[in-house]
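Q: let me see the structure of the following:
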Amino acid sequence: MAAHKNGSLIHIINRASVFFKNGSYRKRILLTSLKPVQCQRRTVSSIGDRNTNLTPHLSSNLAGWSYNELYELSVKDPETFWGSIAKERLTWNKPFDQVRDCEITSGKINWFLGGQLNVSVNCLDVHVAKHPDRVALIWERDEPGTEVKVTYRELLETTCRLANTLKRHGVNKGDRVAIYMPVLPIAVAAMLACARIGAVHTVVFAGFSSEALAGRIQDAQCKAVITCNQGVRGGRFIDLKPTVDAAVKNCPTVQHVFVAQRTSNPTPMGKLDIPLEEAMASESAQCAPEPMGSEEMLFMLHTSGSTGKPKGIVHTQAGYLLYAALTHQYVFDYHPGDVFGCVADIGWVTGHSYVVYGPLCNGATTVLFESTPVYPDPGRYWETVQRLGINQFYGAPTAIRLLLKYEESWVKKYDRSSLKTLGSVGEPINHEAWEWFYNVVGDGRCPLVDTWWQTETGGVCIAPRPAEKGAEIVPAMAMRPFFGIQPVLMEEKGKPISGNDVSGALCIGQPWPGMARTIFGDHKRFVDAYFKPYPGHYFTGDGAYRSKEGYYQITGRMDDVINISGHRLGTAEIEDALDEHPAVPETAVIGVSHDIKGEVPFAFVVLKEDPSLNHTAVVKELRGLVATKIAKYAVPDHFLVVKRLPKTRSGKIMRRILRKVAMEQTGDLGDVSTLDDPSVVTEIIKAHAQYKSAVINYE
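A: Next up is the predicted model:
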C-alpha cells in the first residue's frame, strides 16, 4: 500500500477502504482480513411471520394500524398520511407548512411546501451521528471474493471531499452534472456530492454510446462530467474516457471532466480533464450541506418515449426521498442490520432508488454489484449471497430467465439461508421464471415481490407487499397498490372500468410524493404524455388486468416502447438512427418477444432502388449505426429488408400488422381495408418467410 503515493482514491479503494483524517489518508486494509457482514439468520417460520404479519409503524400517529386501514387513509386523506410520515421520517432544516398542492390535469405536483432539507444529510450525516462505523456500501467487485466495505463515516467524508472539489471548480447549486460511471463507491459519492451542494445529477448508463451521452448532456446543459478511465465487467476492461471525450466535443456547456481511476491503465488527459482523486486529496473532509427546498431538483434521468428524443424526467428532493425510503423498507421487509442486495446499475432508476437513496436513507447496508450474473460462472449471484449474507435479493427477470437454463446445482451448492425476501423488477416476470426463482433460489420459503414501477413513479407502486397478515402472493402478479397509489383501469374512450376480471389502460388516480414533476425544459411534453390521454389521471403507458380478487397484473406497454432486459427504449429512437443511413429512406421497428430479454427490436427496412446496393453490407452498417447512436443493447436482433411498409391512406405505418408478421401470426391480421395498398401485406409475409428460411438454413 505504501507504493500508492499518488492519492488515487479509486486505486486504493480497489484494495482497501479509505477515509480521510486531518487532510491525510488513513487506510484500513479490508481484503486481507475481511469479515463477512453480520446478519441475523432467520428460520423458515420466522421469515414467513415477518412478511405476512407486517404491521408497519409508519409514524407514531399511525402505529398499530393495519395495512387496509393505512391504505384507505393514504388515498382518502393523503395530507394526514404523508404529512405525519414526512415529519418524523426525514430530517428537516426547516419544517414544511403545507403537505401538498397538486392539480393533476395540468401536471402541477408539489409536496411538503415551505420545507427545506438536504438529501445527503438524510442519507449520511444522520447515520454517522448514530453509528459511524456501520457499513453503508459493500462493493461487490467484478472478481469474486474481492469485495470492499465502505462505512457511513467513510462515505460521508469521501462525499464531502468530492463536493468541495466540484465547488472549487465552479459547480454551484442548480448546475447540472453528468455522471458516466459503472457501479462504484465513487459513483455513489458523486451522486451524494451533487445532492450535498444542490447540484442536479444526471446519471447516464455507462453502456451508452458517445452520441447518446452527448444528447443527454446537451439536453441537461451539464456544466461538468464525472467519469473514470475504464469499467470492469465480466473479466473485461471497458474504455469509458474515450467515449466521454467524443461526447464533450459537441457539448459546449461542459467546463470540466473529472476523471477517476478504476484501473491502473493510463488514459490520455485533455485540457478539460481533472484527475478526480488528486483534486479530492487536497480538499476538506467537511462540506456544509446546502438547504434545499422540497420541490427543488434533485436529479434528472433520461428515459425513452414513443418519440425519438429521450426525455429528462425530473425528480425533486423531499417527496422522492421519502417515497424511495418507505417503499424500500415496506415492500422488501427491510429491518436494521439487513444486507440489501439490489443488482441493478446506478444508470437506471432502480439503482437510484434501491441501490442508493432508499437504502441509505434507511441506514441500510447496500450492495454495489459490478459484475454479471454468469461471471465467472452461473453461480455468481448465489455465491455472492452466501459470502455477503444478503437478506433481500432484487433483480431482473432477464437475469432469472438466463440462469434458469443452467443446472440447479449452480444455485444449490451455495448457502442461501440468509435470504428472506426476493424481488423482481423491470418487466412482468413470466410464470416459469417466477417458479424457479421462488422454489429453487428461495427454497419456497422467501416471499417473492414482483414489483411494478417506472422511472416516472420514483419507486414501487404495485407489489405483493406490504399486506395483511397471511395475505397470499399470486405468482407473476404485482397485486397490491402501495400506500397512496390509486390504480384506475381506463377504456379507450377515457371512461374508468369498474368491477373485477377486467383489463384496460393502467392509470393512477391521484398524485403521490415520489412521482416525477416534469420533463426538463418541456413541461408541455410532460403533460401531453402523462396527463392528457386520460384527464385527471396519470397515464402509465402500460396495460393491466384486474383479477376477480381485485389484484393487478401488468400486461405490457401500450405505446411504441419496447422493454429490452427491463429497460425501456422507444422504437422511434431506433428508427431515427436507422434512417440516417443514406441508403435507407424508411424504417419501422417493433418489439417481439424473446426467451431471455423479454423483448427485442425487429427492424423492417426499406432500401433505395439501387441494384448496386449490397443488402448484407447495409444491414451490417445499420447494426453499427444503432450501436454508435444509442448502445449495443439497442441493436435490433432482426432486420427484414422490404420494398415498402404497410400504410394507411393518411400515411401512418400500421405497426400492428408488422408485429403480426414478425410473430408469425398472419392468420389473424385484422382489418387491412384502411391500407393504401393491401397487397403490401402479401409482399412482407413472403419476404419474412424467405428471411426465416435463410436463418434456419444458416443455423
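Q: tell me which helix or strand in this protein has the weakest average pLDDT.
A: For the chain, counting by mean pLDDT, DSSP states H and E, strand 24-29 ranks last in confidence among helices and strands (a mean of 29).
Q: what packs against the lengthiest helix in the chain?
A: Longest among the helix segments of the chain by residue count, using DSSP state H, is helix 679-698. Helix 679-698 makes packing contacts with strand 638-642, helix 655-662 when contacts are defined by 3 or more CB pairs under 8 Å, 6 or more residues apart in numbering; DSSP states H and E. Bear in mind the C-beta positions are built from the backbone N, C-alpha and C, glycine included.
Q: now stretch 70-87: average pLDDT?
A: Averaging pLDDT along stretch 70-87 gives 97.
Q: ignore what I typed, I meant stretch 133-142.
A: Here stretch 133-142 scores 98 as its mean pLDDT.
Q: and the helices in the stretch 1-150 of the chain?
A: All helices of the stretch 1-150 of the chain, identified by DSSP state H, counting those that start in this stretch, fall at 9-13, 44-52, 67-76, 78-89, 119-120, 126-128.
Q: oh, that last question was meant for the stretch 251-400 of the chain, not what I typed.
A: Using DSSP H, counting those that start in this stretch, helices in the stretch 251-400 of the chain cover 276-281, 318-331, 349-351, 358-361, 380-388, 397-403.
Q: chain center to the fifth one: distance?
A: Distance, stretch centre to chain centre, for helix 380-388: 22 Å (CA atoms, centre = their mean, to the nearest Å).
Q: just list what it packs against, helices and strands only.
A: strand 135-140, strand 339-342, strand 365-369, strand 392-395.
Q: one step back: hey, least reliable of the helices and strands packed on helix 679-698 by pLDDT?
A: Note on the helices and strands packed on helix 679-698: lowest mean pLDDT is at helix 655-662, with a mean of 87.
Q: how about it: buried residues?
A: Buried residues in helix 655-662, counting neighbours by 16 or more other CB atoms under 10 Å, are found at 655, 657, 658, 660, 661, 662.
Q: any stretches of the protein with poor pLDDT?
A: Applying pLDDT under 70 to the chain flags the ranges 1-56, 305-308, 648-652, 671, 673-674, 695-699.
Q: need phi/psi at the residue of it positioned farthest from its centre.
A: The centre of the chain is farthest from one residue, residue 611, which by CA atoms, centre = their mean lies 45.4 Å away. Dihedral pair for residue 611: phi -60, psi -20, per degrees, to the nearest 10.
Q: check contacts around it.
A: Neighbour list for residue 611: empty [criterion: CB atoms under 8 Å, 6 or more residues apart in numbering].
Q: hang on, the earlier thing: please identify the deepest-packed of the helices of the stretch 251-400 of the chain.
A: helix 358-361 (a mean of 28; mean count of other CB atoms under 10 Å).
Q: and that one, how far out from the chain's middle?
A: Worked out by CA atoms, centre = their mean, helix 358-361 lies 15 Å from the chain centre.
Q: same question for stretch 191-202.
A: 18 Å.
Q: end-to-end on it?
A: In stretch 191-202, first residue to last residue: 9 Å (CA to CA, to the nearest Å).
Q: cool, and stretch 484-503?
A: One end of stretch 484-503 sits 22 Å from the other (CA to CA).
Q: in it, what's buried?
A: For stretch 484-503, using 16+ other CB under 10 Å, the buried residues are 484, 485, 486, 487, 488, 489, 490.
Q: for residue 620, state which of these is nearest.
A: Residue 620 lies nearest to residue 490 out of the buried residues of stretch 484-503, by CB to CB, at 43.7 Å.
Q: what are the phi and psi values at the residue nearest to that closest one when sequence neighbours are not counted?
A: In this structure, residue 490 finds its nearest non-sequential neighbour in residue 505, 4.4 Å apart by CB to CB, 6 or more residues apart in numbering. Geometry field for residue 505 lists phi and psi as phi -80, psi 130, criterion degrees, to the nearest 10.
Q: how far away is residue 505 from residue 431?
A: Plainly put, residue 505 is 24 Å away from residue 431 if you go by CB to CB, to the nearest Å.
Q: and what of residue 456?
A: Residue 456 sits 28 Å away from residue 431, going by CB to CB.
Q: more neighbours: which of these two?
A: Using other CB atoms under 10 Å, the more surrounded residue of residue 456 and residue 431 is residue 456, with 24 against 10.
Q: any idea which element that one lies in?
A: Using DSSP states H and E, residue 456 falls within no helix or strand.
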